[in-house]
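> this one's structure only:
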Ligand SMILES: Cc1cc2nc3c(=O)[nH]c(=O)nc-3n(C[C@H](O)[C@H](O)[C@H](O)COP(=O)(O)OP(=O)(O)OC[C@H]3O[C@@H](n4cnc5c(N)ncnc54)[C@H](O)[C@@H]3O)c2cc1C
Ligand SMILES: Cc1cc2nc3c(=O)[nH]c(=O)nc-3n(C[C@H](O)[C@H](O)[C@H](O)COP(=O)(O)OP(=O)(O)OC[C@H]3O[C@@H](n4cnc5c(N)ncnc54)[C@H](O)[C@@H]3O)c2cc1C
Ligand SMILES: Cc1cc2nc3c(=O)[nH]c(=O)nc-3n(C[C@H](O)[C@H](O)[C@H](O)COP(=O)(O)O)c2cc1C
Ligand SMILES: Cc1cc2nc3c(=O)[nH]c(=O)nc-3n(C[C@H](O)[C@H](O)[C@H](O)COP(=O)(O)O)c2cc1C
Ligand code: FES
Ligand code: FES
């Protein structure tokens, strides 16, 4: 890993290699929190980031859940968007071409059946602009698909196997945190030939409006994200990084360079910024800059030196 | 359930029955967050609460983990106290007698082997001052015991079976949230004759000091608690209350009457206040008062009318 | 603290200007001393220009409590201008505002001095910006539920839509729905400015979906101004 | 914002009085507009009585940043007085304070006008409360790392413990450890006032354990003042 460019502590080398994809720096934007990229273009140059993971795609367009879809919680938020998306064809034809060549784009895939997951992967194959595929096997608030696969080792294995066969792109599997052993699930992915794992997706959650005595989300259950979940995410990244040899892409509550460095130290090769983009559309860039500042301050010449460098007593 | 005292909306009836124990109101203080009761006596009259769950007890005194043991996180905190306690004998001889007769006391039990769990239960049996026993099968940061049992259905079943036989007191089992299906674990407890379940214990977590590049807790892993986890706790209480017929004691991030009402609506018969006691030693009483105010405002004459009354579309 | 509407005035370097009815997301703590409340709050621009923006709001929860307690020199994160804003209105349009919804209407009224303006609130105090509307010299009528000012009752009591004329309504959902119904029956066009929980305000979270005849549309990017005919009011309420 | 120490003065109705060296837990937001930062912050009572309490602190993180930006009329949650505080000192005792640790020593010095006081900090500005100690008229010596005031170097450079005399040290752990070592070698008694992360401050979380010869003891209830001999410094550092 690490880049070839000669560099000293003054200009830390930020390139990393994630699942065979060379990234300008270890900061990606998380699926579902950066649209298809173009929505963020007014606020920052996406080419300055490691890349983006576009909103999860299904075979056909999906309409998503009725509102209310989001709710604020202590230091976090809940959502049940329902994986609304334009579908893989419209993504390839309409969305992807609008992004500058310099933007590294991962496609995220979500479906309700293994065959359909594989079919979306097939459609994405051969697409040069798709740097890699992230399988979303972990959405906590859709009736079928998603977390079903992410919570059962055997189903996850079948899913990864089918998509591995269907996809000619580097394949990341996004894991659910709503399991007893996330390390076990990561090992399953490694065993089936995944090139890396991403974690965590949101924690399954519920909140109540006590005045109306109803759940705050129309879908009842939703996914908890944001700073509140960061310590759970870090724990899981730490456990997974020790359990598998494929690279780990860490996320959950990252809002600053320090937050990101914590994930790298726990063993993540790259990180994703999610909820923070909503509060501050330039969050991804600020995280990138924060990592660079950290490296300078600590005399670290290559960001890869941080990966897994946590000192455990 | 519900009390016998005649009451109108003006003075809502707050009594509930939890696992066969009649509680003055549905608010208990959570194990590990109210010491052995006496520490809080300067701040409030414990007799005005539903009761307290004393710090988890083992057969012998336990020393606990080396510091740092606690750390603040976004809207929450992490701890790895290591279940330090005076041991069951000292509790019965020295701690329990210091509490006023009017205080309802649950004993919490934590051990590293099933036999030892059962032995502590046996020592507590016949003790009139012990209203009930809560089995802590879910501590996320001790090497042996605790979560081991709480994460595996078969081990949990053996544990509950042994303690059920050993204990002549009402038995609550405190569940771990670090599982794929908390409802399944609750069903196991019900099947083995538990009188109720308490949830949630803390979420397993890790945080990093990026300046020292070390975990913030000496034990590396710790348990996340406080408002940050409330939506996860509510979801689990909701799922468990629909899965079993034994009563549910809900907790996780409760700091106000409204927070508590949300748990009741999701199906909890009583609630426990934990981390909030640290920030405000009168938190338990304020939660009780908040529930009463809520009932008055909504013309609810018995708090039991709230239990499970969530309107789900 | 009085219960009436509050104001906050911000200097926003680089603000590119805005149209009446656009809004901004106000992040309460850009310096991150607090990570709760986490999300920015959507607020209509009450009035403003490149030198300063004024917002008017009611304290209804934690975010607005914090906004209401800011002191001179406090810093906020501002993303905006956002949303579509109002189109230019034909002559003889009527603006109907209720409670904090009035905040979206002030600049619209200021740009169209010939409009009629109907404002409502629970009490006179809650009729946000009343003095400013008076100073505009527009044709103004007020309704309050307690009768402390003008007509005693709902502001929609004052609305008598005329065919082919335009009504703009902004306020609580039931009030906008009532206005929409009156307009539909009278054959008048009705524009409404909707509210919805928002995480981002600029189209990436998909959180602000509302049900319309053409499926879900987004308050932050397709709105907040919609033709009332598009909205599926039964599902919204 | 200057980097120097700050102060906050609170009126605490019902405050029962305190001994020098006791502390309080300050909850930053009792009205819960923010649920982050969550925990209260431990702070030594700098000085005070039933009418007002003064705290002195340095801005080192989010909690102290918030404390430092409070305006007149702000409300805090206060739990205290907590901890054991200092015992009465024998004549000719020496107080050694570094940085914010000095805050624990002011009232002790005020109660014992015959003590010698050694204060240190990185710069003169960081020697908290210097003017107040000067006003006490005690025998005072100052050390600063940059030499901006008094001895250039560490405050422990100034410490020459005498057998059977008492030294009280409060400051960064390495400074207290150094003082403890000097005292041990000289046969002097050394008291230290320790810091530790705290969730509760009154004995229910067991979070503030420190390693001593007699096992873990608690900074909030057994301390913060300990005999330096008890502490297992190697494990603490
Ligand atoms: C486009 C737009 C423009 C607005 N303009 C104004 C204005 O000019 N003046 C004004 O007083 N109010 C306005 N609002 C409503 C304002 O955003 C809410 O009152 C505010 O977000 C409440 O925040 P809180 O923290 O005080 O309340 P809480 O109830 O504590 O908020 C909890 C969560 O719910 C959201 N929320 C609560 N009420 C609303 C609401 N009505 N609309 C959207 N989200 C809500 C909050 O943003 C937050 O995420 C506008 C809303 C939108 C969508
Ligand atoms: C008994 C006692 C008395 C104290 N008296 C004073 C005083 O008079 N003046 C003063 O400036 N400081 C004092 N401190 C230290 C003060 O509590 C910390 O500086 C403060 O908690 C830092 O909070 P923060 O949010 O700014 O920092 P952050 O680093 O953001 O805090 C994160 C967490 O770590 C804890 N923490 C950080 N540093 C310390 C520390 N040194 N000791 C304990 N907890 C810490 C915080 O309480 C919080 O829970 C005292 C500490 C103790 C234990
Ligand atoms: C509104 C919203 C929508 C999301 N949609 C998706 C999605 O379509 N696919 C996916 O894999 N993850 C989705 N996520 C999860 C994020 O990618 C990320 O895993 C999670 O938010 C944790 O990171 P954060 O705490 O930084 O937000 C979504 C999250 C949010 C808040
Ligand atoms: C410092 C600390 C110590 C705890 N010790 C115990 C314990 O001994 N036994 C136990 O069952 N739970 C223990 N808990 C967990 C609480 O009882 C409770 O399940 C958890 O904190 C969630 O509730 P809260 O968010 O209201 O704190 C402890 C929690 C904390 C914060
Ligand atoms: S508020 Fe995020 S898409 Fe509209
Ligand atoms: S701070 Fe809680 S026991 Fe000392």
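It's in. On a predicted model such as this, the values are computed, not experimentally measured, just so you know. Numbering: from 1, shown residues only, chains lettered A, B, ... in the order given. Ligands and ions are numbered 1, 2, ... in the order given.
> contacts and neighbour counts: CA atoms only from here.
Noted.
> Excluding chain neighbours, give the residue nearest to the residue of chain C most remote from its centre in space.
Distance from the centre of chain C peaks at residue C:33, with 29.7 Å (Cα atoms, centre = their mean). Nearest-residue entry for residue C:33: residue D:62, 5.1 Å, with adjacent residues in sequence omitted and distances by Cα to Cα, 6 or more residues apart in numbering or on different chains.
> ok, the one you found - contacts?
Residue D:62 sits next to C:33-34, D:37 when contact means Cα atoms under 8 Å, 6 or more residues apart in numbering or on different chains.
> Can you read off the pLDDT for it?
If you check residue D:62, the pLDDT there is 92.
> and chain C, which residues reach chain D?
Where chain C comes near chain D, counting by Cα under 8 Å from any Cα of the partner chain, the residues are C:33-37, C:62-63, C:65-66.
> where do the helices sit along the chain?
If you meant another chain, say so; for now it's chain A. Along chain A, counting by DSSP state H, helices occupy A:88-90, A:114-124, A:147-150, A:153-166, A:182-191, A:230-243, A:257-265, A:276-279, A:283-297.
> nope, chain C
Taking DSSP H as the criterion, chain C carries its helices at C:62-68, C:106-111, C:130-136, C:173-186, C:233-236.
> Mind putting these into CSV with distance to ligand 3?
What follows is the helices of chain C, written out as CSV (distance: least, Cα to the nearest ligand atom, whole Å):
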stretch, distance to ligand 3
helix C:62-68, 19
helix C:106-111, 32
helix C:130-136, 38
helix C:173-186, 24
helix C:233-236, 20
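> For ligand 1, find the nearest of the ones you listed.
helix C:62-68 (3.1 Å; Cα to the nearest ligand atom).
> Residue of chain C nearest chain B, please.
residue C:35 (6.4 Å; Cα to the nearest Cα).
> Point out where the stretch 151-300 of chain A drops to low pLDDT.
Nowhere does the stretch 151-300 of chain A drop to pLDDT under 70.
> And chain C, by the same measure?
Scanning chain C with the threshold set as pLDDT under 70 gives C:1-3.
> By proximity to ligand 3, which residue of it wins?
Shortest chain C-to-ligand 3 distance, computed as Cα to the nearest ligand atom: residue-wise this is residue C:205, at 4.7 Å.
> what's the distance between that residue and residue C:64?
Between residue C:205 and residue C:64 the distance is 22 Å, computed by Cα to Cα, to the nearest Å.
> what do you get for residue A:58?
Look at residue A:58 and residue C:64: by Cα to Cα, they are 39 Å apart.
> swap in residue A:167?
Summarising the geometry, the distance separating residue A:167 from residue C:64, computed by Cα to Cα, is 49 Å.
> Check residue A:105 too.
Applying Cα to Cα, the value for residue A:105 to residue C:64 is 38 Å.
> okay, these two: which has more neighbours?
Each of residue A:105 and residue C:64 has its neighbours counted (other Cα atoms under 10 Å in any protein chain shown); residue A:105 has more, 26 against 16.
> and the residue nearest to the more buried one when sequence neighbours are not counted, what are its bridge partners?
The shortest distance from residue A:105 to any residue that is not its chain neighbour, by Cα to Cα, 6+ apart, is 5.2 Å, and that residue is residue A:52. On the basis of DSSP bridges, residue A:52 takes part in beta bridges with residue A:29, residue A:105.
> pLDDT wise, what is residue A:52 at?
pLDDT for residue A:52: 98.
> show me the contacts for it.
With contacts defined as Cα under 8 Å, 6+ apart, residue A:52 is in contact with A:28-31, A:34, A:37, A:46, A:103-106.
> Next one: residue A:266 from residue A:239, what distance?
8 Å.
> In the beta-sheet assignment, what are the partners of residue C:42?
When bridges are taken as DSSP bridges, the partners of residue C:42 come out as residue C:25.
> Hmm, it is touching residue C:202, no?
No. Between residue C:42 and residue C:202 there is no contact, the gap being 10.7 Å when judged by Cα atoms under 8 Å.
> neighbours around the closest residue to residue C:36 other than its chain neighbours, how many?
Counting by Cα to Cα, 6+ apart, the nearest residue to residue C:36 once its immediate chain neighbours are dropped is residue A:75, at 4.5 Å. Taking other Cα under 10 Å as the neighbour definition, residue A:75 ends up with a count of 28.
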